[in-house]
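Q: My questions concern the predicted model and sequence given below.
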Amino acid sequence: MSLKDKLQQDLKQAMLARDSARSDVIKGLKSAILYAEVATGKRDEGLSDDEIIKLFQKEAKKRSESAQLYIQGGSQERADKELTERTIIEEYLPVAISLEELSSITDQVLKETGLSSMQAMGQVISAVKAKVGPAADGGAIAKLVKERLLR
């Protein structure tokens, strides 16, 4: 079952259960997919599941950043709403790999490529991203690569 089909099925279930929070988030995700399809000219064929996962990762990150800003502004209720939305979005994302796994993959890529200078940071990050796919956050990868290259 594709991710879009799962969203549609989950939307129906949320609406039947009168779960307005979940249905609102799912409607927002479907809207984001449609917007991305139109923006990339893929309206007819649609986005692949990998492209949808990347989109959902961005949406989850937006919610986290908004929650932080609400907390700084003293609005805990709004922050909680954003965090709840992020939790719902994360249900559609693949399970993230652990920091230890990411660390070993980063070390492996550094050995395989033989790159060791900060100028090669972008190449190393790209190689690690290719190995882990959407299971790791780009920021975490960049941080690990930078730490390894500065040693």
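A: Structure's in. What do you need? What you see is a predicted model; the values in this text were computed from it and never measured.
Q: Where does the prediction get shaky in the protein?
A: For the chain, no stretch has pLDDT under 70.
Q: which residue ranges form the helices in it?
A: For the chain, the helices defined by DSSP state H cover 3-16, 20-40, 49-72, 76-90, 99-113, 121-132, 138-150.
Q: Quick one: those helices as a markdown table, columns for mean neighbour count too.
A: No exception for glycine: its C-beta is placed from N, CA and C like everyone else's. Converted to a markdown table, the helices of the chain look like this (neighbours: other Cβ atoms under 10 Å):
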| stretch | mean neighbour count |
| --- | --- |
| helix 3-16 | 15 |
| helix 20-40 | 15 |
| helix 49-72 | 17 |
| helix 76-90 | 16 |
| helix 99-113 | 15 |
| helix 121-132 | 16 |
| helix 138-150 | 16 |
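Q: Pull up the gap between the residue nearest the centre of the chain and Gln108, please.
A: Central residue of the chain (Cα atoms, centre = their mean): Gln57, 1.8 Å from the mean position. Distance of Gln57 to Gln108, computed by Cβ to Cβ, to the nearest Å: 23 Å.
Q: for Gly73, phi and psi?
A: Torsion angles at Gly73 (phi, psi; degrees, to the nearest 10) stand at phi -80, psi 0.
Q: Can you report how many residues neighbour it?
A: 10 (other Cβ atoms under 10 Å).
Q: need the contact list for it.
A: Counting by Cβ atoms under 8 Å, 6 or more residues apart in numbering, Gly73 makes contact with nothing.
Q: From Ala60, how far off is it?
A: For Gly73, the distance to Ala60 - Cβ to Cβ - is 20 Å.
Q: Quick one: neighbours of the closest residue to Val95 other than its chain neighbours, just the number.
A: The shortest distance from Val95 to any non-neighbouring residue, by Cβ to Cβ, 6 or more residues apart in numbering, is to Ala135 (7.0 Å). For Ala135, the neighbour count with other Cβ under 10 Å is 15.
Q: can you tell me which residues contact Ala135?
A: Neighbour list for Ala135: Pro94, Val95, Ala96, Ile97 [criterion: Cβ under 8 Å, 6+ apart].
Q: from those, which two are the most distant?
A: Farthest pair in the contacts of Ala135 (Cβ to Cβ) is Pro94 and Ile97. Separation: 9.0 Å.
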